[in-house]
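Peer 1: next come a sequence and a model predicted from it.
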Amino acid sequence: AQSVTQPDIHITVSEGASLELRCNYSYGATPYLFWYVQSPGQGLQLLLKYFSGDTLVQGIKGFEAEFKRSQSSFNLRKPSVHWSDAAEYFCAVGAYSGAGSYQLTFGKGTKLSVIP
Amino acid sequence: DAGVIQSPRHEVTEMGQEVTLRCKPISGHDYLFWYRQTMMRGLELLIYFNNNVPIDDSGMPEDRFSAKMPNASFSTLKIQPSEPRDSAVYFCASTSRDRGETQYFGPGTRLLVL
């Protein structure tokens, strides 16, 4: 079964600073990889996804993520953080089981605080 | 597109009562997922349906939980009887085969069992 680790529970950055949120996964093959964002009291919004091809993927709101197979990582980055980016960010791994069922496994999330 | 719709948005009930959560997936989506989010356990998949048929319910915590999908536009998650440890945010998500594996989430139902 797949698993996802987000090593940072909480990160604080200053507005305008760059951001990198870490995500490591465990899966035997190349999984489907996602980053979602959750604002307080809201549902999860998809930021970006990686299925195959170019390992650097662009998402909404100026975010990007890079898939590194050798490191089993899919880190999320943004060059300049805005106060509105304060939220919780979830990395997720999707994979099919041998029986054909599909499961999306989430990391525990990283809460981002932004200092004005 | 209206997105995934969930109701109620908030529910407060007393232990032992029956709770029913509702979900309307995005029109045309043939996969529907129910998740539970808690501080301790994060986001957990409870059950998912394909074409209204339950495919994997291995995440359903116990017999007190049941889910149905009587048609393509409606699903319910029922807890009977409810317990304080069921307090969580319950999310519904949907997708379709041509959306690949991307799931679209509803706003969630925040459940508090006293």
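Peer 2: Perfect, thanks for sending it. Numbering: from 1, shown residues only, chains lettered A, B, ... in the order given.
Peer 1: contact partners for the spatially most central residue of chain B?
Peer 2: Nearest to the geometric centre of chain B sits B:Trp34, at 3.2 Å (Cα atoms, centre = their mean). Contact analysis of B:Trp34 by Cβ atoms under 8 Å, 6 or more residues apart in numbering or on different chains lists B:23, B:45-48, B:67, B:75, B:77, B:90-92. (C-beta placed from N, C-alpha, C; glycine too.)
Peer 1: chain B contacts on chain A?
Peer 2: Within chain A, the positions lying close to chain B (Cβ under 8 Å from any Cβ of the partner chain) are A:32, A:34, A:36, A:41-46, A:49, A:51, A:90, A:94, A:101-109.
Peer 1: same thing but at 6 Å, please
Peer 2: Remark: the part of chain A in contact with chain B comprises A:32, A:43-44, A:49, A:94, A:101, A:106, A:108, using Cβ under 6 Å from any Cβ of the partner chain.
Peer 1: kindly provide the distance from the nearest residue to B:Leu114 once chain neighbours are set aside to chain A.
Peer 2: Once flanking residues are discounted, B:Leu114 sits nearest to B:Glu14: 5.2 Å by Cβ to Cβ, 6 or more residues apart in numbering or on different chains. Here the distance between B:Glu14 and chain A works out to 23 Å (Cβ to the nearest Cβ, to the nearest Å).
Peer 1: just checking, what packs against the lowest-mean-pLDDT helix or strand in chain A?
Peer 2: Using mean pLDDT, DSSP states H and E, strand A:102-106 stands out as the lowest-scoring helix or strand of chain A, at a mean of 84. With contacts defined as 3 or more Cβ pairs under 6 Å, 6 or more residues apart in numbering or on different chains; DSSP states H and E, the packing partners of strand A:102-106 are strand A:87-96.
Peer 1: the strand it packs on pairs with which strands, and in what direction?
Peer 2: Taking DSSP bridges as the criterion, strand A:87-96 pairs within the sheet with strand A:32-38 (antiparallel), strand A:102-106 (antiparallel), strand A:110-115 (antiparallel).
Peer 1: which one of those strands has the lowest average pLDDT?
Peer 2: Among the strands paired with strand A:87-96, strand A:102-106 carries the lowest mean pLDDT, a mean of 84.
Peer 1: relative to the whole chain's centre, how far out is that strand?
Peer 2: Here strand A:102-106 is found 13 Å from its chain centre; the criterion is Cα atoms, centre = their mean, to the nearest Å.
Peer 1: just the CA trace of that strand, in PDB.
Peer 2: Taking Å, rounded to 0.1, in the frame of the first residue of the first chain, the C-alpha atoms of strand A:102-106 are listed here in PDB:
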ATOM      1  CA  TYR A 102      -8.200   3.000  -6.700                       C
ATOM      2  CA  GLN A 103      -7.200   4.700  -3.500                       C
ATOM      3  CA  LEU A 104      -6.100   8.300  -2.900                       C
ATOM      4  CA  THR A 105      -3.900   8.500   0.200                       C
ATOM      5  CA  PHE A 106      -3.300  11.800   1.900                       C
END
